[in-house]
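Q: curious how this folds, go ahead:
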Amino acid sequence: IAPQQSLPVPYNNMAAPGAAALVQYVVLRGDLARPPLAWPLGAVVAQGCHAALAAVHAYRERPDTGEYLEMGDAMRTVVLEAPDENSLLDLAEILKQNGVEHRIWMENPEGIPTCLALRPYPKDQVQRHLRNFKLLK
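A: Numbering: from 1, shown residues only. Have a look, this model is predicted:
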């Protein structure tokens, strides 16, 4: 039997005070996966991945972002559905007006907005802006 090994540093801090409250919200357009667009599941998932990474990269200097990344396997991401392009863009405008840092992901070269992701935030700071969106199914 191998001796117990300590976990790498990021995983030792998973239960740090306040860490559990951090969440990254990702909002994907639900209409991408349905006819008439009917994008493959992998293509839709890729949009969410791109947006999440773009937001984390853009705001990597924010303390919440660093703390979120240090959470390791305890990182919490919530994926919500915007019904269509207009609702996604409306949300982006609301977030902008309220100073909520986020990134919109555009599928290029077509220039189609597909997804947006907030940088990691304490849930109670941003949840009110997202309450009209349901979990992506």
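
Q: what's the neighbour count on Gly72?
A: Residues lying near Gly72 (other C-beta atoms under 10 Å) number 15. All C-beta spots, glycine's among them, are computed from the backbone N, C-alpha and C.

Q: what's the biggest helix by length in the chain in contact with?
A: Identified as the longest helix of the chain according to DSSP state H is helix 41-58. Helix 41-58 is contacted by residues 24, 26, 28-29, 32-33, 65, 68-69, 77, 79, 101-105, 107, 114-120 when judged by C-beta atoms under 8 Å, 6 or more residues apart in numbering.

Q: what subset of those residues is buried?
A: With neighbours counted by 16 or more other C-beta atoms under 10 Å, the contacts of helix 41-58 contain buried members at 24, 26, 28-29, 32-33, 65, 68, 79, 101-105, 107, 114-120.

Q: hmm, back to that, out of the contacts of helix 41-58, list just those in strands.
A: With DSSP state E as the criterion, strands contain 24, 26, 28-29, 77, 79, 102-105, 107, 114-118 from among the contacts of helix 41-58.

Q: center of this protein - which residue?
A: In the chain, the centroid-proximal residue (C-alpha atoms, centre = their mean) is Val26; its distance is 3.1 Å.

Q: ok, it - contacts?
A: Gly48, Ala51, Ala52, Thr77, Val78, Val79, Leu80, Cys115, Leu116, Ala117, Leu118 are the contacts of Val26 under C-beta under 8 Å, 6+ apart.

Q: show me the shaky parts of the chain.
A: Flagging of the chain using pLDDT under 70 yields the residue ranges 1-20.

Q: no further questions, thank you.
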